[in-house]
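A.B. asks: Sequence and predicted structure below; questions after.
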Amino acid sequence: MKAYKFRFESVLKSKKTIVDDLSSKTARAQRILMLEMRKLDNLKEREAQCVRELIRLQVGRVNAAEVQRSHRYLELLGNSIGEQIKKVKEIAKRVEALRDMLIEAEKQKRIFEKLDEKERDEFYRDFLKKEQALLDEVGTNRFVQRTMHRRLHSSG
């Protein structure tokens, strides 16, 4: 009897490859998202420091040039923060899309794995049934041979 071979083995293998590829892409995108979120947090912290410095500058004798420079810097930081927020949102959307694709790919892979499992079980049940039939035939043949042998020897 030939060994079990899943008829969709190549499809299952490609589904596993797709899942592995999407999994690594999702992990990579997640790492990039975390880096960009840290950059955003850093920009916000610099903005908060600048606001604290601006408040300090406005106490007592005020240096108009320093205050103006701080306001321009705050404006630049605000623009950078806005751009970084857009970037983070865009990357988050990509991460979510990759996760959705990964979930779908895993579902498809599981379908083929279950089909493989079902066919493998059916193959082995059929194998055991044929093996049992062969054993029954061998047992019946031995019984017939013993019975014939006894009849021949008891008659003679």
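C.D. replies: On my side now, so go ahead. For clarity, every value in this text was computed on a predicted model and none was experimentally measured. Residues are numbered from 1 along each chain as shown.
A.B. asks: show me where pLDDT drops low in this protein?
C.D. replies: 1, 155-156 (pLDDT under 70).
A.B. asks: Break down it into its helices, ranges please.
C.D. replies: 9-57, 64-155 (DSSP state H).
A.B. asks: right, so those: which one is the most enclosed?
C.D. replies: Scoring the helices of the chain by mean neighbour count under mean count of other C-beta atoms under 10 Å gives helix 9-57 as the most buried, with a mean of 14. Backbone N, C-alpha and C define where each C-beta goes, glycine included.
A.B. asks: State the distance from the most centrally placed residue in the chain to residue 99.
C.D. replies: Centroid-nearest residue in the chain, with C-alpha atoms, centre = their mean: residue 23, separated by 4.2 Å. As judged by C-beta to C-beta, to the nearest Å, residue 23 and residue 99 stand 10 Å apart.
A.B. asks: go on, residue 64?
C.D. replies: Distance, residue 64 to residue 99, using C-beta to C-beta: 52 Å.
A.B. asks: same thing with residue 50?
C.D. replies: From residue 50 over to residue 99 the distance is 36 Å, taken as C-beta to C-beta.
A.B. asks: next one: residue 73
C.D. replies: Distance, residue 73 to residue 99, using C-beta to C-beta: 38 Å.
A.B. asks: try residue 71
C.D. replies: 41 Å.
A.B. asks: ok, now residue 70?
C.D. replies: 42 Å.
A.B. asks: returning to that earlier point: surely the residue nearest to the centre of the chain is in contact with residue 103?
C.D. replies: No: if you go by C-beta atoms under 8 Å, residue 23 and residue 103 don't touch, sitting 10.8 Å apart.
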